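> Structure for the following, please:
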Amino acid sequence: MNNKVVYLAVLLFGLLVACKQDAGTSQGMEASKKSSGMVKPVTVLTNPDGTKRKAWAILTADIWQYEFALTIGESPKENIYEGYWIDFEDDFTFVKGKYTDTLSVGEYNFDFDSKILEILPTAGKEGPTEYRIQTNGEIIIFIGTAKYGNNGTQIKLKRVRSIPTPEKAE
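From the prediction side, this is the model:
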């Protein structure tokens, strides 16, 4: 009987610690990533209230290649985003393209607390989009929100060092 009580206590303690880390992702996991050098905010602009605006180094360190997209109600047989990429800059601008062609440029906003990324093209044929993002540092999942009507879309992107070419496309 005592073994069951001890086992149950250890299990509950483990669950509490795991739940606290999940609920405090922006504190627990961010702190561990900062200490490992993965997340390094870069101060670049000032907000209207005078506070410093920071870009998230995970977004801005390299180029993100679209690997696959899934939309509710559609079953793509191939990757409709083959060759697409997006490059986020520290000054809150971005360039999106397909292989060597630029498709759109503009600005983005990112909220550290909610992990919401808003992409606002200023040139090109694409409209604005907003995503909640999840990342492990090498892969990003964009989960569409209802703000611009792309809430049925999820996109997987992978970190790459250079713009993809048809020969390098995976």
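> Could you break the chain into its assigned domains?
For the chain, the structural domains run 2-36, 42-160, going by automatic domain parsing.
> comparing those domains, which gets the lowest mean pLDDT score?
Across the domains of the chain, domain 2-36 has the smallest mean pLDDT, namely a mean of 40.
> How are the strands of this structure distributed by residue range?
All strands of the chain, identified by DSSP state E, fall at 42-46, 52-55, 63-71, 84-88, 93-98, 101-111, 116-124, 129-135, 139-144, 153-160.
> Just the buried positions in stretch 138-150, please.
Ile140, Phe142, Ile143, Gly144, Thr145, Asn150 (16 or more other C-beta atoms under 10 Å). For the C-beta atoms, the positions are set from N, CA and C on the backbone; glycine is no exception.
> Identify all contacting residues around it.
For stretch 138-150, the external contacting residues (C-beta atoms under 8 Å, 6 or more residues apart in numbering) are 58-59, 64, 67, 116-118, 127-135, 151-159.
> change it to 10 Å
38, 58-59, 62, 64, 66-67, 69, 71-72, 86, 114-120, 127-135, 151-160 (C-beta atoms under 10 Å, 6 or more residues apart in numbering).
> tell me the contacts of Gly97?
So Gly97 contacts Ile63, Gly83, Tyr84, Trp85, Ile86, Asp87, Leu103, Ser104, Val105, Gly124, Ile163, Pro164 (C-beta under 10 Å, 6+ apart).
> out of those, which are buried?
Taking 16+ other C-beta under 10 Å as the criterion, what is buried in the contacts of Gly97 is Ile63, Gly83, Tyr84, Trp85, Ile86, Asp87, Leu103, Ser104, Ile163, Pro164.
> can you put these in a markdown table and add distance to Lys54?
Conversion of those to a markdown table gives the following (distance: C-beta to C-beta, whole Å):
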| residue | distance to Lys54 |
| --- | --- |
| Ile63 | 20 |
| Gly83 | 31 |
| Tyr84 | 27 |
| Trp85 | 23 |
| Ile86 | 19 |
| Asp87 | 18 |
| Leu103 | 27 |
| Ser104 | 24 |
| Ile163 | 26 |
| Pro164 | 28 |
